[in-house]
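What follows is a predicted protein model with its sequence.
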Amino acid sequence: MANLNEIGDLLEKIAIHYPAFGKQIQAKDGSLRKDVCEEWQRIIGYLSYEDLIERFDRYMEQDDSHKAPLAMDFRKVRSSAKKEYFHYSDPDRVYHLVFPPGDEEHRRGRVFDEEDREYMHDPLYEGHYHYNKMGQIVTDDGLIAF
């Protein structure tokens, strides 16, 4: 898991490649804004620093990399490792959903853990996942999956 200093390092690396981004994350005294670092950590802090750097490199290789990445873009960029699914087994593991671009209603999510491994609650399930009003991860028909 990336700590606040590592998130700050990532933001500084992004600012090197996207100078306008650097202006957005700087305080008046030229230092990094702590609130920005904390928000990025809240969204992508479950990833390791190495994963974040790898994902930033992949982001810059994409055709639409003319704009600085948003924190959510780090969730969208996947590792090049072979796709492998894990079966849900550990209730203490932290799970989150990743939604494809264009899914503005956030109804077609896929489940990942803090180490970016994809999970399914049932090996035979072919649907998608979304969050219910209580923040639980549920199946298409509303059954609690995680």
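In hand now; what should we look at?

hang on, isn't residue 18 packed against residue 68?
Yes - applying Cβ atoms under 8 Å as the test, residue 18 and residue 68 come out as touching, 3.6 Å apart. Every C-beta, even on glycine, is put in place using the N, C-alpha and C of the backbone.

Which neighbours do those two have in common?
Counting by Cβ atoms under 8 Å, 6 or more residues apart in numbering, no residue touches both residue 18 and residue 68.

Distance check, the spatially most central residue of the chain against residue 48.
Ranked by distance to the mean C-alpha position of the chain (Cα atoms, centre = their mean), the top residue is residue 75 at 2.6 Å. Separation of residue 75 from residue 48 (Cβ to Cβ, to the nearest Å) stands at 14 Å.

Likewise for residue 127?
Using Cβ to Cβ, residue 127 is found at 30 Å from residue 48.

helices or strands up against the strand or helix carrying residue 14?
Using DSSP states H and E, residue 14 maps to helix 4-17. Contacts defined by 3 or more Cβ pairs under 8 Å, 6 or more residues apart in numbering; DSSP states H and E place helix 4-17 against helix 19-25, helix 34-44, helix 49-61.
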